[in-house]
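Asker: Take a look and give me a structure for this.
(2 chains)
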Amino acid sequence: QKEVEQNSGPLSVPEGAIASLNCTYSDRGSQSFFWYRQYSGKSPELIMFIYSNGDKEDGRFTAQLNKASQYVSLLIRDSQPSDSATYLCALKRGYNKLIFGAGTRLAVHP
Amino acid sequence: SQTIHQWPATLVQPVGSPLSLECTVEGTSNPNLYWYRQAAGRGLQLLFYSVGIGQISSEVPQNLSASRPQDRQFILSSKKLLLSDSGFYLCAWEGAGETQYFGPGTRLLVL
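Answerer: Below is the predicted model:
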């Protein structure tokens, strides 16, 4: 079982819709979770981090964490073609290590 | 504000040749620094991290090595490249709240 699992996609959504990206993890002791966006050929850029159960909103993005069920999700409201990218989920292991999922490719079509 | 630089941006090297990739950070002192590799279509794999000058921790046994000669400089090296060393090499620094920020990356192709 992979430590961080993501559906590789592609997840295809129409412009203006809500995109829902999901991530599950195996280590019940994980405390810190991160979402990165990576455009093709570019380096990952941090979108959000979440530490507590529940929702955290930042603009069009909402991260949701459920530690009991061991999943973290990212919702993108009013999806735009510019949101088309690969979204990487990561969790913090110990003091220094980030464990990444393989990413979900999102395609927003006009 | 903090800025992270990597060079070169792209590199094509023959098998068996040496490698040196450089990463520098501006606008912060004593940052935790990281080297990751991303193989084509794969997730990021942590290679090395450093919490200070001369302090290097290796995550994956391989023919790569890392050094931190200055507070804001992190270097990734190899004496002899393998085909399997091809990939996208990313340097990152750690900011507040355990967040890591990536540099622009170096795309390495070993032929």
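Asker: Tell me the strands beside the worst-scoring helix or strand of chain A on mean pLDDT, with direction?
Answerer: For chain A, the helix or strand with the lowest mean confidence is strand A:97-100, at a mean of 91 (criterion: mean pLDDT, DSSP states H and E). Strand A:97-100 has the following strand partners under DSSP bridges: strand A:85-93 (antiparallel).
Asker: List the contacts of the partner strand.
Answerer: Counting contacts by Cβ atoms under 8 Å, 6 or more residues apart in numbering or on different chains, the residues outside strand A:85-93 that touch it are A:3-4, A:6, A:21, A:23, A:25, A:27, A:30-40, A:44, A:47, A:72, A:74, A:98-101, A:103-106, B:43-44, B:98. Every C-beta, even on glycine, is put in place using the N, C-alpha and C of the backbone.
Asker: Now for residue 3: which residues touch it?
Answerer: Just so you know, I chose chain A. Contacts of A:E3 by Cβ under 8 Å, 6+ apart are A:25-27, A:91, A:93, A:99.
Asker: I was after chain B.
Answerer: B:25-27.
Asker: pLDDT value on the residue nearest the centre of chain B, please?
Answerer: With distances taken as Cα atoms, centre = their mean, chain B has B:W35 as the residue nearest its mean C-alpha position (3.3 Å). According to the per-residue confidence, B:W35 scores 96 in pLDDT.
Asker: Verify the contact between it and B:R68 for me.
Answerer: No - using Cβ atoms under 8 Å, B:W35 makes no contact with B:R68, being 10.4 Å away.
Asker: Kindly report the residues of chain B close to chain A.
Answerer: For chain B, the residues in contact with chain A (Cβ under 8 Å from any Cβ of the partner chain) are B:32, B:34, B:41-46, B:49, B:51, B:57, B:59, B:88, B:90, B:94, B:97-105.
Asker: Are any of those buried, and if so which?
Answerer: By neighbour count, with 16 or more other Cβ atoms under 10 Å in any protein chain shown, these hold B:32, B:34, B:43-46, B:49, B:88, B:90, B:94, B:98-103, B:105 as buried.
Asker: Please name the nearest non-neighbouring residue to B:Q38.
Answerer: B:F88 (4.3 Å; Cβ to Cβ, 6 or more residues apart in numbering or on different chains).
Asker: need the strands for chain B, in chain order.
Answerer: B:3-7, B:10-13, B:19-26, B:33-38, B:44-52, B:55-58, B:64-70, B:73-78, B:87-94, B:100-102, B:106-110 (DSSP state E).
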